[in-house]
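In: quick one: sequence and predicted model below, then my questions.
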Amino acid sequence: MLKESLHKVRNIGIMAHIDAGKTTMTERILFYSGRLHRMGEVHEGSATMDWMEQEKERGITITSAATTCYWANHRINIIDTPGHVDFTAEVERALRVLDGAIAIFCGVGGVEPQSETVWRQAEKYHIPRIAFVNKMDRAGADFFNVLEMMRKRLKAHPVALSLPIGSGEMFNGVIDLIQFKSIIYDTNALGAKYYLGEVPDDLKELAEEYRVKLLEEAANYDDVLFAKYLNGDIISPEEIQKAVRKATLQNKLVPVLCGSAFKNKGVQPLLDAVVNFLPSPFDIPPVHGVNLKGTPVEREADPDGATAALIFKIMTDVHVGRLSFVRVYSGSITKGTMIYNSTVNKKERVHRILLMHANKREDRDSLSCGEIGALVGLKYSFTGHTLCDPKNPIILESMEFPESVISITIEPKSKSDSDNLKSALEKLSYEDPTFRISEDEDTGQIIISGMGELHLEILIDRLLREYKIQAHIGKPQVSYRETIETEVEGGAVFDRQTGNRNQFAAVKLRLSHDNAAEHGIIIKNEIPVTAVPREFFPAIERGIQNGAKSGILAGYPLHKVKITLIDGEYREHDSTELAYEVAAAQALKDALLKGQPAILEPIMALEVSVPDAYLGDVINDLNARRANIISMDKRNDINIVDGMIPLRESFGYATDLRSLSQGRAVFSMQFSSYEVCDKKIQREIVEKARGFIPEFLQN
């Protein structure tokens, strides 16, 4: 791809809370840009981007889907992401490789919990955003309330570029504040036709107020515009666009538009905003990584530079095989050539290159800098791996995914299903980095873990339907963790004759509870090199890591534990790596027995929207589920209840809430943290896992 044309590329994602209208918006974008000749609908199961059977049946997006369209001589690569919190990893990996994003908010619901989650994910990767307030045709839609919620809940700096003309059933167009014109849509032309006119008299005062706010904001980022504004000179739309673009690319402000994707209103101005305000691959900072020696290096967007690409998603296609989705940051990838995977030090041959349009494919000879596509034929490459030029290697920063919080057992019905099940589970784990597979050492049962009930429900449905697996499915189980509540020291000596030689090692360590260990444990090595030679340190840490995979109460992994290695012993002819590995694991167990071990349970952040008539019943039910209600707010005639609830108490909540409110209350839930269980519940968990309660828990 020529450098000139790279300036006309936009790699964007569409992100929002579930049911805010992401997929419907993508469908409209594809229709108006000429990519589709007929609009599909999510509720009919005909949306292009929701191509999986499970998506069509449930009317939700489960997997992020990529597509390409063209608008105003610009190429727009779009990734439509899921809104349900169980599939938040799909959003995470999409945002990792995108340059800009459209955040969609419901005009009635405003900033909802998952809106906050995806916003924080975008903040993490410093992604410039534009916002679109959708569903302005619904009763109760309030554009200005959403602006205020963005300021309060997201700590964002929103600036309105358009205002709604009417709301609810009376919504029929928008006011473009840059052009200072009204845009009225022809309802008989599916929104493809619209008419520019003067701003309606009854809205002129409001429009002038918000145009002044827009000019004041834009003037902060352009000296020429600032001088013109102070002098009262005429400011052209192009000058406003230039200043707003500059501020948006710096993440200083968020342009906000409004409309109704379902009613085909406001989509074309949004496409214009994507082209005018979101970055091209040249507008983003160089991508950072390290070379094979660990020295920091960076790659600028250059089609002629050394190749650097990141695999952000793996998908299995029944016709093609494994697809590796990549974003090329520098250089290019050509079909039929070898490419170097610097993460695992392997060379791979690229058999085919595909551009994806949801589940449809288009063959390409090459992928250039700034492009997103799928490679066929890679055997050793997975999510987070870097592909690069072997003569100029780079390892790009990988992605971190949250721990799974819920598990179920799965058993094949017959011997023939056993091998097929393992193969199918392996393929699904390649696709989904939040899906974990393990085996119960006592029963031999396969345990699969995920982010929530819906996540596991979809995975099992795919196993039964796509892979034709016959299996017995257990009930959902909570994935607990273990910790300690006091600081304690422990040690172990391994001194044993094996074969013709003696093996010796001694390790001493200190354990403490540490909330900073969000991903399990922190290991700090303070053993003097005079006590143990440095070459044995990796073996000691390996022993700790292996020991931390199962605690002493119920066999759950350690969490929020800091392990400080403080001392050890060494014998010149007897000490071995194996001895230190075993001694470290034994020292850890010794310390755990002394350190007031405890069970941690996953706590979920919960938001319930409930009408006044059912509020009392919903609150009583939450109290019975051990929920901690943090706040209650009112939006119009709906009560918003925020709280924390243990995951084990939330099973079946969707059904119970529908029953309590005659289907009128809705909720959203996402993982918050692991917290220590009540002692009574700890005893239940331990007794279930071990068949008895150890002495130190009986008091």
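Out: Great, that's in hand.
In: use CA for all of it now, contacts and neighbours both
Out: Noted.
In: run the chain-centre distance for the helix or strand harbouring I339.
Out: Taking DSSP states H and E as the definition, I339 sits inside strand 338-341. The chain centroid and the centroid of strand 338-341 are separated by 27 Å, computed with CA atoms, centre = their mean, to the nearest Å.
In: buried residues, the helix or strand following it. List them.
Out: In the C-terminal direction, the helix or strand that comes right after strand 338-341 (DSSP H and E) is strand 346-349. Within strand 346-349, the residues that count as buried by 16 or more other CA atoms under 10 Å are K347, E348, R349.
In: in TSV, list the residues you listed along with distance to N145.
Out: Formatted as TSV, the entries for the buried residues of strand 346-349 read as follows, by distance: CA to CA, whole Å:
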residue	distance to N145
K347	54
E348	52
R349	53
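In: list just the nearest of the residues you listed to C69.
Out: Nearest to C69 among those: R349, at 28.8 Å, using CA to CA.
In: for that closest one, give me its contacts.
Out: Contacts for R349 were tallied using CA atoms under 8 Å, 6 or more residues apart in numbering; they are G336, T337, M338, I339, G377, L378.
In: ok, of those, which come out buried?
Out: Those of these that meet the buried threshold are M338, I339, G377, L378, by 16+ other CA under 10 Å.
In: mind picking the lowest-pLDDT entry from these?
Out: Looking at the buried ones among the contacts of R349 by pLDDT, the weakest one is G377, with 90.
In: show me the contacts for that residue.
Out: Applying CA under 8 Å, 6+ apart, we find G377 in contact with R322, L323, E348, R349, V350, H351, R352.
In: just L6 next, same as before
Out: S280, P281, F282, G370.
In: pLDDT score for it?
Out: Per-residue confidence for L6 comes out at a pLDDT of 82.
In: ramachandran angles for it?
Out: Note on L6: backbone dihedrals following degrees, to the nearest 10 are phi -60, psi -30.
In: who's the closest residue to L378 other than its chain neighbours bridged to?
Out: For L378, the nearest residue in space outside its immediate sequence neighbours is E348; the separation is 5.8 Å by CA to CA, 6 or more residues apart in numbering. Under DSSP bridges, the beta-bridge partners of E348 are I339.
In: try A131
Out: According to DSSP bridges, A103, V256 are recorded as the beta-bridge partners of A131.
In: run a quick neighbour tally on it.
Out: Using other CA atoms under 10 Å, the number of residues around A131 comes to 26.
In: what do you get for G191?
Out: Each residue near G191 was counted by other CA under 10 Å, and the total is 19.
In: ok, it to L214 distance?
Out: Taken as CA to CA, to the nearest Å, the spacing of G191 relative to L214 amounts to 27 Å.
In: that older thread, could you single out the nearest of the contacts of L6 to E208?
Out: Taking CA to CA as the measure, S280 is the one of the contacts of L6 closest to E208, at 31.6 Å.
In: mind listing what the closest one touches?
Out: With contact taken as CA under 8 Å, 6+ apart, S280 is in contact with L6, H7, K8, V9, R10, N11, D99.
In: tell me where the stretch 301-450 of the chain has helices.
Out: 415-431 (DSSP state H, counting those that start in this stretch).
In: low-confidence ranges, it, go.
Out: Within the stretch 301-450 of the chain, the set of residues satisfying pLDDT under 70 comprises 358-359, 441-443.
In: if you set the cut-off to 80 instead, what comes out?
Out: In the predicted model, the stretch 301-450 of the chain carries pLDDT under 80 at residues 316-319, 356-360, 399-403, 415-417, 440-445.
In: returning to that earlier point: mark which of the contacts of G377 are buried, thanks.
Out: Neighbour-count burial (16+ other CA under 10 Å) is assigned, among these, to R322, L323, E348, R349, V350, R352.
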